[in-house]
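Colleague: Just to be clear, the model below is a prediction. Sequence and coordinates:
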Amino acid sequence: MKETSFDPIDLFLRSVREMPERPAVHVDGRSWTYAELDHLSQRIAAWCDAVCGDEQRVAVHGARTVLAYAGILGVLRSGRAYVPLHPDHPPLRWRSMLTRASVRTAIAPAQVHAQLREAGIDLLVDLDGLPSAAARSNVRGSREAYVMFTSGSTGEPKGVPVGREQVAAYLQHVCTTYAFSPEDRFTQFFALSFDLSVHDLFVCWGAGACLCVPPADGALQAMSFANEQAITVWFSVPSQVALLQRMRLLRPGALPKVRQAFFCGEPLPLDLARAFCEAAPHAQVVNLYGPTETTIAITEQVVGPELTERVVPLGRPFPGHWARVRTGEALATSGEGELVLSGPQVNAGYLGQSSASFFEAGGQRWYATGDRVRMDPEGVLHFLGRVDEQVKLAGHRVEPGEIDAVLKPMLGDGTAVTVPVLRAGATELATFIDVEMDPIPLFAALRERLPAYMLPSRIIVVDRFPHGTHGKLDRKALIERATHG
């Protein structure tokens, strides 16, 4: 018997063969069948072959259009990797990403072609520019699936190339552990530049189900969208549901059709998970965890009545993967320390740079997450916080040092320090500077280089920075000042 392949394109094409007339994606008010989406992806693959030459990466503009979804499929079936561009990020950030990934071709709507040319793209195509007929039906394999960019403390985004085999390892576990069917309708809340979107697309298409894409303001309309589209599989960051709860929309029985729900990207408060269980009384709720460097997610915890902690545990690693707690150089199977992970989903490293986060021990390659955890005697992981200053905002990793590095050239001999602040139940950023300056040009410089979610809510001038007894910067004092004034 032929072994089942969990390569993302193989999963999609199996659904094309078995159910060509079923809806594959509902976007921008229209449903596209598997056959239609397949044909469009073939046209994109033909364009890639005609213009990309030896280039192995192609940018895909992440606007919520069928072009983006077919673009990802077309790039992958051409044997190349895609580099998603968030539509709301500034062109200077696009340029940094494209330069680091050596990309000069892009699939994007016509209205953003001028911006992409400014960002360094030479060859662009939209729906009108594609070959009118599919020129190929064969599929080429490749080692790399995509490159995602995360915040970097040096002032530039950091590229994470992820391989097709790593994605296939993830899909094999999720697609065989949880029961999905062609009757399912999946949410697609995540931006395509967020690696959790890879789960949305290929878990859905592997089941022959329909991917339901909300409009750009979908986070605010998530409840009505889910019911209008008869959503059965939900996936979001916890803060999206927390927003619905604050809006008093997360009422008992509000999501009667949802039967499977996943959360990832942030700690999941148990009371929020319980509230979602009441809103979706027929759903199994699963907390997933995994940095981009470990391919989408790598641990899981089903939310059950036995849980009692304030935050839902991260759970246990997927089969065939390993978790250890690092204290100093020692790796332990219990206790508290930094979480390190190993297994087939761990990627090869960062784009064009080495990092101590990847290391060898015991004949295995490990990734140090920077997350502080407790591993209990049963091997369950419990999140305790960070070992560094990294912050999560709506599921996005933010290195405060990247904000500080962007501001540094404008401050002369001055210093910028950005800290997270909890206000009204939500985390925001506050930046302190020790130079008397008008904050308006500083905010303008930040907007030119950073996505909106990384912008501090305030820039506060101080005479001098507080330091502890050992001369170390006292970040807690800054957080206290930003919180209480």
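Modeller: Received the coordinates, thanks.

Colleague: and the residue most central in space within the chain, what does it touch?
Modeller: Nearest to the mean C-alpha position of the chain, by CA atoms, centre = their mean, lies residue 194 at 2.7 Å. For residue 194, the contact set (CB atoms under 8 Å, 6 or more residues apart in numbering) comprises 148, 265, 395, 396. (Each C-beta comes from the backbone N, C-alpha and C, glycine too.)

Colleague: Residue 381: which of these is nearest?
Modeller: Distance to residue 381, by CB to CB, is smallest for residue 265 among these, at 15.9 Å.

Colleague: just checking, the closest one touches residue 392?
Modeller: Yes. Assessed by CB atoms under 8 Å, residue 265 is found in contact with residue 392 at 6.9 Å.

Colleague: Looking at these two, which is more packed in?
Modeller: Higher neighbour count among residue 265 and residue 392: residue 265, with 25 against 16, using other CB atoms under 10 Å.

Colleague: residues in contact with the closest residue to that one other than its chain neighbours?
Modeller: In this structure, residue 265 finds its nearest non-sequential neighbour in residue 395, 2.9 Å apart by CB to CB, 6 or more residues apart in numbering. By CB under 8 Å, 6+ apart, residue 395 lies in contact with 190, 194, 196, 237, 239, 264, 265, 266.

Colleague: how much space between the second one and residue 342?
Modeller: Separation of residue 194 from residue 342 (CB to CB, to the nearest Å): 24 Å.

Colleague: where along the stretch 251-400 of the chain do the helices fall?
Modeller: 270-279, 400-407 (DSSP state H, counting those that start in this stretch).

Colleague: Buried ones in the longest helix along the chain, by neighbour count?
Modeller: Counting by DSSP state H, the longest helix found in the chain is helix 34-51. By 16 or more other CB atoms under 10 Å, the buried positions in helix 34-51 come out as 34, 36-49.

Colleague: same for that helix, what does it pack against?
Modeller: helix 8-18, strand 23-27, helix 66-77, strand 105-107, strand 123-125 (3 or more CB pairs under 8 Å, 6 or more residues apart in numbering; DSSP states H and E).

Colleague: if we go to 10 Å?
Modeller: Judged by 3 or more CB pairs under 10 Å, 6 or more residues apart in numbering; DSSP states H and E, helix 34-51 is in contact with helix 8-18, strand 23-27, strand 30-33, strand 57-61, helix 66-77, strand 105-107, strand 123-125.

Colleague: Determine how far the last residue of stretch 205-223 lies from the first.
Modeller: Taking CA to CA, to the nearest Å, stretch 205-223 runs 23 Å from one end to the other.

Colleague: Count the neighbours of residue 284 for me.
Modeller: Per other CB under 10 Å, the neighbour tally for residue 284 reads 16.

Colleague: for it, which residues make a bridge with it?
Modeller: Beta-bridge pairing for residue 284 (DSSP bridges): residue 260.

Colleague: how close does it sit to residue 341?
Modeller: For residue 284, the distance to residue 341 - CB to CB - is 24 Å.

Colleague: cool, and residue 458?
Modeller: In terms of CB to CB, residue 458 sits 36 Å off from residue 341.

Colleague: ok, now residue 111?
Modeller: Taking CB to CB, one finds residue 111 at 41 Å from residue 341.

Colleague: Please say which of the two ends up with more neighbours.
Modeller: residue 341 (25 against 10).

Colleague: The more buried one: what's it in contact with?
Modeller: With contact set as CB atoms under 10 Å, 6 or more residues apart in numbering, residue 341 has these partners: 289-291, 293-294, 298-299, 317, 321-324, 365-369, 371, 381.

Colleague: List only those of those flagged as buried.
Modeller: Neighbour counting by 16+ other CB under 10 Å classes 289-291, 293-294, 298-299, 317, 321-324, 366-369, 371, 381 among those as buried.

Colleague: and the spatially closest residue to residue 142 that is not a sequence neighbour, what are its phi and psi?
Modeller: The shortest distance from residue 142 to any non-neighbouring residue, by CB to CB, 6+ apart, is to residue 79 (4.5 Å). When read as degrees, to the nearest 10, the backbone of residue 79 gives phi 90, psi 20.

Colleague: Equivalent analysis for residue 466, please.
Modeller: phi -70, psi 140.

Colleague: can you check residue 168 too?
Modeller: phi -60, psi -40.

Colleague: Same question for the one 5 residues further on.
Modeller: According to degrees, to the nearest 10, the main-chain angles of residue 173 amount to phi -70, psi -50.
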